[in-house]
Each structure stands twice: as structure tokens, then as C-alpha cells.
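Peer 1: Return a 3D structure for these sequence lines:
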Amino acid sequence: MAPLGGAPRLVLLFSGKRKSGKDFVTEALQSRLGADVCAVLRLSGPLKEQYAQEHGLNFQRLLDASTYKEAFRKDMIRWGEEKRQADPGFFCRKIVEGISQPIWLVSDTRRVSDIQWFREAYGAMTQTVRVVALEQSRQQRGWVFTPGVDDAESECGLDNFGGFDWVIENHGDEQCLEEQLENLIEFIRSRL
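Peer 2: Numbers count the residues shown, from 1 in each chain. Model (predicted):
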């Protein structure tokens, strides 16, 4: 199963709980490295697009952090799980199609099967990054525990993964976060 994207020099798989700051971190990295060098890929993008098509919903509204998306989240999770059970690499293959930048940041890795797919496809070029934030920090960003969402595999599938290549602590201390991002950027640049 050969991937359809170009050959990256580095694939960073970001994971973390809702409101831990995965998107914030990946967007900060892309802004510093440049969109010509670094692509942010979202596994949830093709999932939401396909879900919207099959259910007659507004795809663009499913992409933002709105109550519209939250109204469909549980069913989207269930639907996505069914797709993954039938084909674990379905969404992974979709996001790499046509990507030409040498650095790929997958901002929403949620399952061991996602990591396995990228490791099988890209081997040693693949690194895992866990973004962690205290529950209090997540609450300040608008997180509220939602049964059926925050205790589902989409949120907990990597809780016991262990062995992440990188752990970014995003508890709200800007200087601490900046130092961690600089270390990661230095590593990324070493791969260019």
C-alpha cells in the first residue's frame, strides 16, 4: 500500500486531549518554518468532509470549534470508527495525497492504528509528539468533560501508548512552551 503523497523528510504525529493545544502548537511550528516547507495535515479533515457529504451537513462548519460541530461529534466519532474498522488506513491515505512539503505535521493523531500506518509507510522519518496540558489549562481554553466524547477511543486511544519521541507541555507558561518549540524546531531543521 504505497502512499500517494510525496516523500517527506520528517513526519511528526501530534496527539493530545481536546484543548491541549495540538492545533496551536502545529500552527506555531508551521508559521515559523513556512508553509512551503511544512504542511499541517488533519486526519479529521477527510473524516468530516466525508461525514458531511453522507449526512447532508455543512463541511466548513464541522471544521471550526463551534456548537454546530459539537452537536454531531458523538455520531461523527461512531461513524469514523466504523470506517477505520473496515480500513484502518482510510483517513491516513487521504491526508497525504498530493502533499509536497518535506515536513508533515499531523495535528490530530488519535489512535495506535494511525501511528502504525505512518510508521509502516514512512519508517524512521516518523516521530510522535504528545501535547499535554493540565485539566485546569484545558478548562480555561473552554474544555468541559463530555461523556461519550472524552472517554471514547478518539480521546483516549493513545493514553497508554508511552514512548512518545517528544512531549510538549502546554500548561499556559509561554516561556516554557517557547523553549520546547525551539528544541523541536532545531530538530526539524536538522532534517531539512
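
Peer 1: what helices or strands is the longest helix along the chain leaning on?
Peer 2: In the chain, with assignment by DSSP state H, the single longest helix is helix 67-86. Under the contact definition 3 or more C-beta pairs under 8 Å, 6 or more residues apart in numbering; DSSP states H and E, helix 67-86 sits against helix 44-55, helix 59-63, helix 90-96, helix 153-156. (Glycine included, C-beta is placed from N, CA and C.)

Peer 1: Swap in 6 Å and give it another go.
Peer 2: Contacts defined by 3 or more C-beta pairs under 6 Å, 6 or more residues apart in numbering; DSSP states H and E place helix 67-86 against helix 44-55.

Peer 1: I'd like the distance between the most far-flung residue of the chain relative to its centre and V25.
Peer 2: What lies farthest from the middle of the chain is G56; by C-alpha atoms, centre = their mean that is 25.0 Å. Noted for G56: a distance of 34 Å to V25, by C-beta to C-beta, to the nearest Å.

Peer 1: Now find how far off-centre stretch 144-152 is within its chain.
Peer 2: Centroid separation for stretch 144-152 versus its chain: 18 Å, with C-alpha atoms, centre = their mean, to the nearest Å.

Peer 1: list the buried ones in that stretch?
Peer 2: V149, A152 (16 or more other C-beta atoms under 10 Å).

Peer 1: Can I get it in PDB, CA atoms only?
Peer 2: C-alpha atoms of stretch 144-152 as PDB (Å, rounded to 0.1, in the frame of the first residue of the first chain):
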ATOM      1  CA  VAL A 144     -15.800  20.600  29.500                       C
ATOM      2  CA  PHE A 145     -15.800  16.900  30.100                       C
ATOM      3  CA  THR A 146     -18.400  15.300  27.700                       C
ATOM      4  CA  PRO A 147     -19.300  11.700  28.300                       C
ATOM      5  CA  GLY A 148     -19.100   9.600  25.100                       C
ATOM      6  CA  VAL A 149     -16.500  12.000  23.700                       C
ATOM      7  CA  ASP A 150     -13.800  12.500  26.300                       C
ATOM      8  CA  ASP A 151     -13.900   8.800  27.400                       C
ATOM      9  CA  ALA A 152     -14.000   7.500  23.800                       C
END
